[in-house]
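1. just coords:
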């Protein structure tokens, strides 16, 4: 099973490859994250050219069943952020 790279490992790898300071790389990543969240909330789409496209998918409300009483309830509508490469 492959191990997942942590945020600090990613920052260190980018910093050594580009010869930038870790602080600068971290600031760029944090800014990219903030801009991405704001764009997804505002427009429902965030495109990083040459890398990925993030889209908000609106899932409708669905029927669900409570396990204790077996009565039907409506699960709330959800907005999910998805990645399309």
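-> Structure received. Keep in mind the model is a prediction, meaning the values are calculated, not measured.

2. Show me the contact partners of stretch 8-15.
-> Stretch 8-15 has contacts (CB atoms under 8 Å, 6 or more residues apart in numbering) with 5, 20-22, 24-26, 29. C-beta: built from backbone N, CA, C; applies to glycine.

3. what's the spacing between it and its chain's center?
-> In terms of CA atoms, centre = their mean, to the nearest Å, the centre of stretch 8-15 is found 19 Å from the chain centre.

4. Please apply the same query to stretch 12-29.
-> On CA atoms, centre = their mean, the centre of stretch 12-29 falls 21 Å from the chain's centre.

5. Buried ones in that stretch, by neighbour count?
-> Buried residues in stretch 12-29, counting neighbours by 16 or more other CB atoms under 10 Å, are found at 14-15, 25-26.

6. returning to that earlier point: wait, which of the contacts of stretch 8-15 is closest to residue 85?
-> residue 5 (17.3 Å; CB to CB).

7. so the closest one sits in a strand?
-> No: counting by DSSP: H, G, I helix; E, B strand; the rest coil, residue 5 is not found in a strand; it is coil.

8. so what's it closest to, chain neighbours aside?
-> In space, and not counting its chain neighbours, residue 5 is closest to residue 13: 7.6 Å by CB to CB, 6 or more residues apart in numbering.

9. so how far is residue 28 from that neighbour?
-> Remark: distance between residue 13 and residue 28 (CB to CB, to the nearest Å) = 14 Å.

10. do the same with residue 68
-> Residue 68 is 49 Å from residue 28, by CB to CB.

11. circling back to that earlier point, element containing the residue nearest to residue 5, please.
-> Using DSSP states H and E, residue 13 maps to helix 7-18.

12. Next SSE downstream of that helix?
-> Using DSSP H and E, the helix or strand that directly follows helix 7-18 along the chain is helix 22-43.

13. elements contacting that next one?
-> Judged by 3 or more CB pairs under 8 Å, 6 or more residues apart in numbering; DSSP states H and E, the packing partners of helix 22-43 are helix 7-18, strand 45-48, strand 52-59.
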